[in-house]
Every structure is written in C-alpha cells, then in structure tokens.
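**Q** when you get a sec, could you give me coordinates for this:
(chains A and B)
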Amino acid sequence: MRTRRLVTILLLCLLVSGCTGDGGGSADGRITLRFQSLAWQEESVAANRELVKEWNATHPDVEVEYVQGSWDSVHDQLLTSFEGGEAPDIIHDASDDLADFAYGGYLADLRELLPERLKADIPRHSWETTTFGDGIYGVPFLQEPRVLIANAKWLRESGVRIPTPEDPWTWEEFREVAEELSGDGKYGVAWPLKEPVSATLNLSLSTGGQLFHRDEDGKVEVRFEAADAVVPKTVHDEVNTDESASSTTLGMGGSDTLPGFFGGRYAMVPLGFSYRQQIVQQAPEGFDWQVLPAPAGADGLTQGVSPQTLSVAEDSPHKKEAAEFIDFLLRPENMVRLALGDWMLPTGTEALKDPALRTTEYDWATGTALAAHLRSAPAQSVRGYPEWKDKVATPAFQEYYSGAIDLAELGERLEKDGNLVLARYQR
Amino acid sequence: MRTGRAARTGQYVALLAYLVFLAFPFLWLLSTAFKPARELGSLHPTWIPEDPTLANFRQAFDEQPLLDAALNSLVAALGAAVVAVLIATPMAYVMARHRTTLSRMATGWVVVSQAFPFVLVIIPLFLVLKNLRLINSVPGLVMVYVVWALPFALWMLVGYVRAVPAELEEAAAVDGAGKLRTLVSVTAPLLAPGIVATALFAFITAWNEFFFALVLLKSPEKQTLPVVLTHFIGAEGVADLGPLAAAAFLATLPSLVVFAVIQKRITGGMLAGAVKS
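**A** The predicted model follows:
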C-alpha cells in the first residue's frame, strides 16, 4: 500500500511539475510568505501563531501566512508540493527527513542566507544534523534527549542511587537497578520499542556505537561492533534474562506505556523529554515522577537526536525574506517560547541560558543539562537508511529483543543484509 | 423444531457479536471524547467516563477550524455524490438495457478498470486538473472523487437497472407512454433505491478520503476534515488523544446520520419496487 502510494506521488510529481504559484508577490509590492508549521500541541500552536502575528505587525511589507501541516503526512505532502511548484516558502520538518529533499535540490542552501548571529548561536554539532554535502539545508531549533521518566516514590523507597547528569548510571548499573526494582509482577523498566531502530542507535552513541562507518570515498558500511552491542544487549537481557523489563511494551509506542507507568506497573520508562507534557496532563493526582538522564557509556551521556528544523524552499522567490523570518522566529527569547510550547530543548546557546528552561519544575534543568551531549543521529545522512531501517533493522531488532534470535545473528543480519541494501544507493 | 430454534438463537448471538464488534470502535471513540486527560492515562479504562467533560470538544474547536473543514468535506462529498450519480445513471441504463457488443465491452472495461493501479486513472485526471487550474480547489477535488467513485457506481447501478424487469417498460410503451415518460414515471422510481445507495457510497468514500485532499489542497482554509484531523497527531505518532477523539467523533456523525436517514428509504424503495413489479 505504501509503495503504491509513493509510486502515485512520484507520478503525480512528474505530472504537476511546472504548475507554479504566483510567486507570493502582490501588485503593491507586498510579499506573502507561507510558513508551514508542524506545531500540534495547544501551547506550541499558540506560540507559533503569536510569533507570526508579531512578525506581521512589525513587517508590513512581508506578510507571513501560517499554514498548519502534520507530522503524520509531512514527507509525502512536501514531496508533491515541491514537484508541483506549490511548496511553502518556510518549511518546518525534522532533520532526519531532510536528506532526500536536500540532495533532490528542493531546499535552499542557507549558508549565505542566515545572519552570523544565528549561525554562531547554534553549536556546530547541531548544524551537522542539517548539513548534507557542502550545504546547510535547515536550521535545527528544537531537540529532545531520550530520558528515563521514573516513579520518584518507588525509586526513593527502593534506596537505589538516584542518577544526575553529573553522575549518571552506567548501562551496567542501570541493568542492576532495573532488576532491583522489579518483582511481584512489577517491572523496573518498560521499553517502548515499537520503533526500535532510532532509539537503539541514538542511545548507542553513549557507548561509542557507530554502526555506520564512512570511508574516505564517502561510502558507508554497516559494521556491528562491540560498542554497538551494549545497549541492545542490555535491553535484551532485561527482557529475557533478568525479567526486569516488560516484554509486552516492546511493541508499544511511548504513550501506550503511560497507563502502566501511572498504574505502578513500571518504575521507569525511557521516553523523549517532551513526554513530560503528557505526563503532566494525564498522571493521577499526587503521582510523583521525575526525569533521570539516560545511562552513560564509554562516551558519557552522548546520544543522537534529529532536531526539528526550519528550511527555505529552493523555489521560493523570496529566500532572503524567508531567512529573515526564520532569524526572527529563532531569536533567543522566541526560541524559548517555542521550546516551552513544545516541552523540548532549544538548540540555541543563548536560549538555553533562559531561567525558564533551568527551573527544577518538571525537571527542565535535567534536560537542559543534557543538551550539550546531543549529537547528530548516526544514520540520518546515510542514503538508503530508511529502507535499511524498514526492511532489515526493524525486524532484526524486534526479533532480538523478543528473544527469537541471538546477538550474533542480529549483527550478521544488520551487516550482511544491511550492506546489500546500502550498496544499491552507493553505486 | 428444536434444531430450528437453536439455529435461530445461534444466528442472533452471532449477529449480536458482529454488531458489538462493529460498534466497538465507535463507542470507544465516543467514550474517549468525553474523558478528561487523567482518565485517558488510566491503566483500567472505563466505558463510561467517570468525570465526563466537554473540554476535548472545546479544545478541538479552539485549535483547529473544524467547522470550515467540515463544510469543505460536505461540499466535496455532496458534489462527488451528485455528479457521480448524474453521470453513472444514464450510462448504467444504456449499458444494462442495450446489450450490444459495445455495451458489453464497456461493462467489461469498467470491471477491468477496477483492477488497474489507481495511478492509471489519476494521471489523465491530473493533466486535466492542471490545465483547468483546478489544483488547490474544491471543485478539482470533486472531480477526483467522481472519477474515483464512477466505475464502482456504474457497476452498482447496472445491477440495479437489470433488476428492474424490462417487461414493465414494454408494458408502459404498449400503454402509449413515450421513452422519456417511461423512464421518468416507471423506471426512475424503481431505480431510486439503487441511486440512493450509489450516492451514499460516493458520499462516504469522498467524506473519508485523505490522501488526495492532502496533496491537492494547499490552502489551510480549503482543507477537509480528514486532513485537519491529522493536525492532532504529533511526531512519532504521539496524539492529543482527547481532542482527536472529539473531532473524529464529530467527523463520523454526518456519515452516520446520512446513512441512517437514507437506509430507510433504500428499504422502502425496494419494497415499493417489489409491489409494482
């Protein structure tokens, strides 16, 4: 079904190419820019709309029109929009969705368009998430680490050491704690691994796992080495050996595990930092929870992320104005508003200093302390990664985590089958 | 006799089970729409909300232009239903009544076209839309929906036309009625249930359609309900469940109402046809 849909899209693209818009200009010289936002939470939509309103109030010659997009369909929708000449001028997306658009020539290279202030404000390792080839095709502005959301009362009563960003658990210690917290039909941890690949790969950066190795010619090879095995083995052993992790949550999404977490079935759930909003909304009265850093490995607290991004369409006739709007939207004070609306962390170093993001309320401070450890997700710039993920890695990890195959077979499948897939993209 | 009663009881039980199975998603949606956020996160969810609230509906309307989207969906779905029926009815009559080689080939073509990949239908359609500058317009979307619904609508209506005995038309002709009078006074009333059923099919198909509305309609004010519903879903499939359920519940209501109203007429029309023949 998905293949058929994609074929449809591609054919549509060919057909509608050349059907261009009016250029976003009007007879009186006023420019209209379309900004497609993927904000979806109430506070986040409000923050975006307010900022657009503020821009329009102070920029009579350049009006920004807010267009609501959807995370669920953004890739297909953008693909058809680009080919049909109907793309929004300013595009909100995630960095791991940009590679195909960037290599396809749909996005403007922002290197000459962005002001020095913004370039300098965002750290180099964040820019790496949107750098493809020689160009920069998006501004990374919001990101979130994967953290452990824990039942604070349960943890306190157990007497285990509570980790902090300065003194996190090691993966080995985490496994021991999970085992200590489990028993009587309760589990120390619930891994929601409906999408096991990105979670595993991103967390494996902490142990030095790379999996994707690029040679001097730029070719990528999958190698499953000892450092890549630490995180998967921990999860596998927690589920299948220690029984400290619930096997039923392996097929769940993050939200699906929350009722069990609130109901006292799991002591900890590894989730994205922004899940705090759902927890605040849905947790029973008096439920005591806290955010803990994910375990650290040989490379400390490092983990991979795919930040939310703002890009400019290559076909936009008003790239300069679009970049100016992005600069306005991402001024430190505005970046803070966007971050608070989405319950995520800003990439900007100035915004990260804001007291609102360093408060202990809802453990903002714990997340902020992790920001410096976030790196580009290991595979997001690898062409062929989506196919490798869907056809090879997802079933392999699922089978390994459920105990159907062993670590050797997991490694063999990721490497052998994976390299066959990648080879087709690198001929 | 006992066996008959047992079999009948079994049939009723099976029917009830089937009804429960069909109704479950809708009832759960209804229940979810009225639950406050804290109940949505409960490990032991209840059918009846313990503390029912309209907050989800309020939030859904505050955040998204649901009424405008519903209106767009209604226009697109009604337009598709009316146009599909207007085109399909005379075509179906000709194909059913005049069984020439050409009409047989046309019927065969309609059946075969259902097996084609959809891209073969949509390609010429997009060329037409592009030339007519109907991309990003509800009339363009209606055109897509009509083309989408037409083969099946035609197929349905051919069956209905064939079910009307030709002898009735012959009798009307013997009584002196002209072709048009026969069609209007004799055939059309008997075809009414089929036309209504076909229109209903086209309406519901268009009302629920997502992908073409997403691709074709760029302006926010033109988006249809299925597209707007996705705005309650965030990255990695995380959903704002309460408002999403409230909006989805409202989105299913028109289909249910239309179906409930028309279903009686379908039944009534069928009975009327039976008496006349």
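
**Q** doesn't B:P243 make contact with A:W40?
**A** No. Look at A:W40 against B:P243 with CB atoms under 8 Å: they stay out of range, at 10.1 Å. (Each C-beta comes from the backbone N, C-alpha and C, glycine too.)

**Q** tell me how many other residues surround the residue in the stretch 101-250 of chain B that chain A sits nearest to.
**A** Here the stretch 101-250 of chain B gets closest to chain A at one residue, B:T230, 3.9 Å apart by CB to the nearest CB. Here the count is done by other CB atoms under 10 Å in any protein chain shown, and B:T230 has 21 residues near it.

**Q** what of B:P165?
**A** 13.

**Q** same deal with A:L420?
**A** Count around A:L420 with other CB under 10 Å applied: 13.

**Q** likewise B:H44?
**A** 6.

**Q** can you name the residues that contact B:T53?
**A** Contacts of B:T53 were listed using CB atoms under 8 Å, 6 or more residues apart in numbering or on different chains, and they are B:34-36.

**Q** recalculate using a threshold of 7 Å.
**A** Neighbouring residues of B:T53 by CB atoms under 7 Å, 6 or more residues apart in numbering or on different chains: B:34, B:36.

**Q** assign it to helix, strand or coil.
**A** Three-state call for B:T53 (DSSP: H, G, I helix; E, B strand; the rest coil): coil.

**Q** phi, psi of it?
**A** phi -140, psi 150 (degrees, to the nearest 10).

**Q** returning to what we had before: list the contacts of the residue of the stretch 101-250 of chain B closest to chain A.
**A** A:70, A:72-73.

**Q** change it to 10 Å
**A** A:40, A:68-74, A:77, B:210, B:214, B:223, B:239, B:244 (CB atoms under 10 Å, 6 or more residues apart in numbering or on different chains).

**Q** same check, this time on A:T170
**A** If you count contacts by CB under 10 Å, 6+ apart, A:T170 has them with A:163, A:176, A:206-207, A:230, A:295-298.

**Q** report the longest helix in chain A, please.
**A** helix A:42-58 (DSSP state H).

**Q** following the chain past that helix, name the next helix or strand.
**A** Using DSSP states H and E, the helix or strand that follows helix A:42-58 towards the C-terminus is strand A:62-68.

**Q** can you give the distance of that next one from its chain's centre?
**A** 25 Å (CA atoms, centre = their mean, to the nearest Å).

**Q** check which residues of it are buried.
**A** By neighbour count on 16 or more other CB atoms under 10 Å in any protein chain shown, the buried set for strand A:62-68 is A:62-68.

**Q** quick revisit: now the contacts of A:T170: which count as buried?
**A** Applying 16+ other CB under 10 Å to the contacts of A:T170 flags A:163, A:176, A:206-207, A:230, A:295-297 as buried.

**Q** backbone phi and psi for the spatially most central residue of chain A, please?
**A** In chain A, the residue lying closest to the centroid (CA atoms, centre = their mean) is A:S306, at 3.7 Å. A:S306 adopts backbone torsions of phi -120, psi 90, taken as degrees, to the nearest 10.

**Q** so who does it touch?
**A** A:93-98, A:129-130, A:140, A:143-144, A:198, A:202, A:376-377, A:379-380, B:235.

**Q** ok, A:P232 - contacts?
**A** A:P232 neighbours (CB under 10 Å, 6+ apart): A:196, A:200-201, A:203-204, A:209, A:224, A:396-397, A:400-401, A:407, A:410-411, A:414.

**Q** just to revisit the earlier point, now flag whichever of the buried residues of strand A:62-68 is closest to A:T241.
**A** In terms of CB to CB, no member of the buried residues of strand A:62-68 lies closer to A:T241 than A:Q68, at 46.9 Å.

**Q** of the buried residues of strand A:62-68, which are in range of chain B?
**A** A:65-68 (CB under 10 Å from any CB of the partner chain).

**Q** okay, the residues you listed in JSON lines with distance to B:R97 and pLDDT next?
**A** Shown next, in JSON lines, are those (distance: CB to CB, whole Å; pLDDT from 0 to 100):
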{"residue": "A:E65", "distance to B:R97": "53", "pLDDT": "94"}
{"residue": "A:Y66", "distance to B:R97": "55", "pLDDT": "93"}
{"residue": "A:V67", "distance to B:R97": "50", "pLDDT": "90"}
{"residue": "A:Q68", "distance to B:R97": "50", "pLDDT": "88"}
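
**Q** could you give the angle of the longest helix of chain A to strand A:62-68?
**A** Angle, helix A:42-58 to strand A:62-68, by axes from the mean of the first three to the mean of the last three CA atoms, to 10 degrees: 160 degrees.

**Q** residue 229: neighbour count?
**A** Looking at chain A here, since you left the chain open. 18.

**Q** I was thinking of chain B, sorry if that wasn't clear
**A** 23.

**Q** what sits against B:Y18?
**A** Going by CB under 10 Å, 6+ apart, the list of residues near B:Y18 is empty.

**Q** the residue lying closest to A:G135 once chain neighbours are set aside: which element?
**A** Leaving aside its sequence neighbours, A:G135 sits nearest to A:D109 (CB to CB, 6 or more residues apart in numbering or on different chains; 3.7 Å). Under DSSP H and E, no helix or strand contains A:D109.

**Q** ok, now how distant is A:D109 from A:I326?
**A** 14 Å (CB to CB, to the nearest Å).

**Q** which one of these two is surrounded by more residues?
**A** A:I326 (23 against 17).

**Q** so what pLDDT did B:L154 get?
**A** Looking at B:L154, its pLDDT reads 89.

**Q** and if you look at the one 5 residues further on?
**A** Reported pLDDT at B:G159 in the predicted model: 87.

**Q** please apply the same query to B:K276.
**A** 44.

**Q** how many neighbours does residue 186 have?
**A** Because you didn't say which chain, this covers chain A. So A:K186, with other CB under 10 Å, has 16 neighbours.

**Q** oops, wrong one, chain B.
**A** Residues near B:V186, counting by other CB under 10 Å: 19.
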